[in-house]
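Peer 1: Predicted structure and sequence below. I'll ask about it afterward.
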Amino acid sequence: MERRATPQLVLLLVLLFAVLTTLVTSNHYFMGRSLAVHDRAEQIVRNIERIRLYDEVLTGSARLAAATGDAAYERRYHRSAPQLDAVIADTLRLANSARAAAAIASTSDANQALIAMEERSFELGRQGHEREALALLNSPRYRQQKEVYAQGSRRAEDVFRAVVRRNTAEVRRYRPLALGIGILGGAVLLVAGVAILRLARERERLGLEHVVSTRQEADRRAAEVEYFETQHDFSDILQVTRQESEANTLIKRHLEQAIPGACVTVTNRNNSDNRLELMTELPAESTLHETFAGAEPSSCAAVRLGRAHEREPHRRSLLECELCGGLAGPSLCTPSLVGGEVIGSVLLECDGPIADDMRRRVQESVAQAAPVLANLRNLSLAETRAMTDKLTGLANRRSIEDTLKRMAAQSARTLTPLAAIMLDLDHFKQVNDVYGHDRGDEVLAAVGAAITGCLRESDFAGRYGGEEFLILLPESDHAGTLITAERLRTTIARLRIPQENVTITASLGLSVMPEDAVTAADLLRCADRALYAAKRGGRNRVENGLSADAATT
């Protein structure tokens, strides 16, 4: 006997089909909407990071161009400016916020003023006026415009982050909607009865699998958002570090907090001394203390290869690293690359296997930190060169003035003496006139080395001008200063003009604060009077400020 479908069964099947169609359509809509909103939020977070990075690149390039006069930094500045504008425009488009657009617009005048001053600094740098160019970028007006621009940027960033939070909340709201639709579909399937029980069970199973996969995807994306947030915080703090040592410590702390059980070591490649230097502290029991002692850059496999070097204890590498090859656990060494050049490395030691997320974390963190480290290193080098006399290697007049003020203030605060020695080479003009300025420069360089060799680590020496030098001795009284001055005089007297067998002599005048003077300016004047007393007394001698004052009186 042929079976026919009853009207009730047909109605149930039609109802089931309608419910299933609604369920599938709704799930696809909500999941598609969720992914689109999440992708937009993720892109905004990335753009915020890129805006900060381009902003730092522009400021760093302008300062480096001003400090060094190197046209390469100016070119990098002009390449980065349109890229920054493009990222800001893309972020405004994604955020679609009038408040963000108004905040960006409020920085327009300040941005134009900054560009004008930076372009002016490039022009001064090209003309050889590095000091005026650097002063322009340190001027109150530049800092004021920079603060106005930074405030507008922070307001825009706050709006962007608010958009991200709203989008994230919107994504979370879609989860219960999709789950509710699944539960509704299951209820309808149960009502459908025994005739469609098998179909209902199969549909319910598919619905549960879909919910599980959706939750897993949501959890994965939540972990991804957390990852980007921590990397963004790291990038934010990295941009405000003031010294290379501070940035190295930040890299170590960030990676050790993000990767449980990890021990991170940051190294620096010192090309001038051909050494690989430890920039962060090692645990007392670490075997790296021995391997890093006097290590060359080529000793590190990652530095030599220019790419990450990973080792596992149970698997022997084709190239064993001389530094980390003896470690007990797994390790990952990643080189710090800037413009294709290796400037150091970051070594990660772990108790267990190194997962893919760990590799990604280290790689991206090192890539973020490398240009910042290079900028800090270049700025430090530029500052050192700006404060150093190229011929003698001693401090120049500008550095002398800053150091004298600081040491005089320290002396007054701690009630300890501060001694000053003014040293002038005798008849140095004759050296230049008779033997030439090249020989004169050789003599000045030799005197600079001789002065350095006679002083303590706490002492300070600088070239005051021409053939005149100033030496500052903290916590040194008249007797001790006189001994040092005599040692300087006799050491210089042993110098000879190269290939001429002509001796060099010097006259020295000393004074001590607070016995001879109460201010830095008085200390210099007293030492200068003592120097001229030594000149009048026959040269190649030392005069004490007290005796010089008595003779003048």
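Peer 2: Good, I have the coordinates.
Peer 1: Helices of the stretch 151-300 of the chain, residue ranges please.
Peer 2: In the stretch 151-300 of the chain, the segments counted as helices under DSSP state H, counting those that start in this stretch are 197-239, 244-258, 288-291.
Peer 1: now, of these, which is deepest in the fold?
Peer 2: helix 244-258 (a mean of 18; mean count of other C-beta atoms under 10 Å). No exception for glycine: its C-beta is placed from N, CA and C like everyone else's.
Peer 1: for the record, mean pLDDT for that one?
Peer 2: On average, the pLDDT along helix 244-258 is 85.
Peer 1: cool, stretch 460-468 as well?
Peer 2: Per-residue scores along stretch 460-468 average to 92.
Peer 1: Thr416 reaches Leu473, doesn't it?
Peer 2: No: using C-beta atoms under 8 Å, Thr416 is not in contact with Leu473; the gap is 11.0 Å.
Peer 1: Looking at those two, which has the bigger crowd around it?
Peer 2: Remark: of Thr416 and Leu473, Leu473 carries more neighbours, 24 against 14, as counted by other C-beta atoms under 10 Å.
Peer 1: what sits against that one?
Peer 2: Contact analysis of Leu473 by C-beta atoms under 8 Å, 6 or more residues apart in numbering lists 418-421, 455-456, 459, 480-481, 484.
Peer 1: List only those of those residues flagged as buried.
Peer 2: Neighbour-count burial (16 or more other C-beta atoms under 10 Å) applied to those gives 418-421, 455, 459, 481, 484.
Peer 1: ok, residues contacting stretch 135-150?
Peer 2: With contact meaning C-beta under 8 Å, 6+ apart, stretch 135-150 is reached by 59, 62-63, 66, 107, 109-111, 113-114, 117-118, 120-121, 124.
Peer 1: can you do 6 Å?
Peer 2: With C-beta atoms under 6 Å, 6 or more residues apart in numbering as the test, stretch 135-150 has contacts from 63, 66, 107, 110-111, 113-114, 117, 121.
Peer 1: Also stretch 510-526?
Peer 2: Identification of contacts with stretch 510-526 by C-beta under 6 Å, 6+ apart yields 404-405, 408, 411, 417-421, 478, 481, 485, 527, 530, 544-545.
Peer 1: Just the closest of the residues you listed to Asn47, please.
Peer 2: Nearest to Asn47 among the contacts of stretch 510-526: Lys405, at 45.6 Å, using C-beta to C-beta.
Peer 1: what number of residues lie near the nearest residue to that closest one once chain neighbours are set aside?
Peer 2: The shortest distance from Lys405 to any non-neighbouring residue, by C-beta to C-beta, 6 or more residues apart in numbering, is to Ala520 (5.9 Å). Look at Ala520: counted by other C-beta under 10 Å, it has 22 neighbours.
Peer 1: Distance check, Ala520 against Leu376.
Peer 2: Using C-beta to C-beta, to the nearest Å, Ala520 is found at 31 Å from Leu376.
Peer 1: ditto for Ala419
Peer 2: Distance of Ala419 to Leu376, computed by C-beta to C-beta: 35 Å.
Peer 1: Just the buried residues of stretch 444-454, please?
Peer 2: Buried residues in stretch 444-454, counting neighbours by 16+ other C-beta under 10 Å, are found at 444-448, 450-451, 454.
Peer 1: Now, the residues you listed that are in helices?
Peer 2: 444-448, 450-451 (DSSP state H).
Peer 1: ok, so of those, who is nearest Ser213?
Peer 2: Nearest to Ser213 among these, counting by C-beta to C-beta, is Gly448 at 73.1 Å.
Peer 1: What confidence value was assigned to that closest one?
Peer 2: 93.
Peer 1: and the nearest residue to it once chain neighbours are set aside, what is it in contact with?
Peer 2: Of all residues not flanking Gly448 in the chain, Thr392 sits nearest, at 3.0 Å (C-beta to C-beta, 6+ apart). Applying C-beta under 6 Å, 6+ apart, we find Thr392 in contact with 444-445, 448, 463.
Peer 1: how does it look with 10 Å?
Peer 2: If you count contacts by C-beta atoms under 10 Å, 6 or more residues apart in numbering, Thr392 has them with 441, 444-449, 451-452, 461-463, 469.
Peer 1: Among those residues, find me the one that's closest to Leu348.
Peer 2: Nearest member of those to Leu348, counting by C-beta to C-beta, is Thr452, at 40.3 Å.
Peer 1: mind listing the strands in this protein by residue range?
Peer 2: Here the chain has its strands, by DSSP state E, at 263-270, 275-278, 309-311, 331-338, 341-349, 418-425, 460-465, 468-474, 496-497, 502-503, 506-513, 542-544.
Peer 1: With distance to Thr214 as extra columns, can I get those in a markdown table?
Peer 2: Output for the strands of the chain, formatted as a markdown table (distance: least, C-beta to C-beta, whole Å):
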| stretch | distance to Thr214 |
| --- | --- |
| strand 263-270 | 36 |
| strand 275-278 | 48 |
| strand 309-311 | 35 |
| strand 331-338 | 34 |
| strand 341-349 | 34 |
| strand 418-425 | 73 |
| strand 460-465 | 68 |
| strand 468-474 | 70 |
| strand 496-497 | 86 |
| strand 502-503 | 90 |
| strand 506-513 | 77 |
| strand 542-544 | 87 |
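Peer 1: Among these, which comes closest to Ala100?
Peer 2: With C-beta to C-beta as the criterion, Ala100 lies closest to strand 331-338 of the strands of the chain, at 32.4 Å.
Peer 1: Can you give the distance from that closest one to the centre of its chain?
Peer 2: Strand 331-338 sits 16 Å away from the centroid of its parent chain (C-alpha atoms, centre = their mean, to the nearest Å).
Peer 1: mind listing what that strand pairs with, with the direction of each?
Peer 2: Neighbouring strands of strand 331-338 in its sheet, by DSSP bridges, are strand 309-311 (antiparallel), strand 341-349 (antiparallel).
Peer 1: And the longest one, how far out from the chain middle?
Peer 2: In terms of C-alpha atoms, centre = their mean, the centre of strand 341-349 is set 15 Å apart from its chain centre.
Peer 1: got it, and stretch 256-274?
Peer 2: With C-alpha atoms, centre = their mean, you get 14 Å for stretch 256-274.
Peer 1: Figure out the length between the terminal residues of that stretch.
Peer 2: 29 Å (C-alpha to C-alpha, to the nearest Å).
Peer 1: so which of the strands of the chain gets nearest Val159?
Peer 2: With respect to Val159, and counting by C-beta to C-beta, the nearest of these is strand 331-338 at 33.0 Å.
Peer 1: mind listing what's buried in that closest one?
Peer 2: In strand 331-338, counting by 16+ other C-beta under 10 Å, buried: 331-338.
Peer 1: Only C-alpha atoms, please: export it in PDB.
Peer 2: Coordinates of each C-alpha in strand 331-338 appear next as PDB, following Å, rounded to 0.1, in the frame of the first residue of the first chain:
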ATOM      1  CA  SER A 331      66.400  29.100  22.500                       C
ATOM      2  CA  LEU A 332      65.500  31.600  19.800                       C
ATOM      3  CA  CYS A 333      67.900  34.300  18.800                       C
ATOM      4  CA  THR A 334      66.500  37.100  16.500                       C
ATOM      5  CA  PRO A 335      68.700  39.800  14.900                       C
ATOM      6  CA  SER A 336      67.800  43.500  15.100                       C
ATOM      7  CA  LEU A 337      67.800  44.700  11.500                       C
ATOM      8  CA  VAL A 338      67.700  48.300  10.400                       C
END
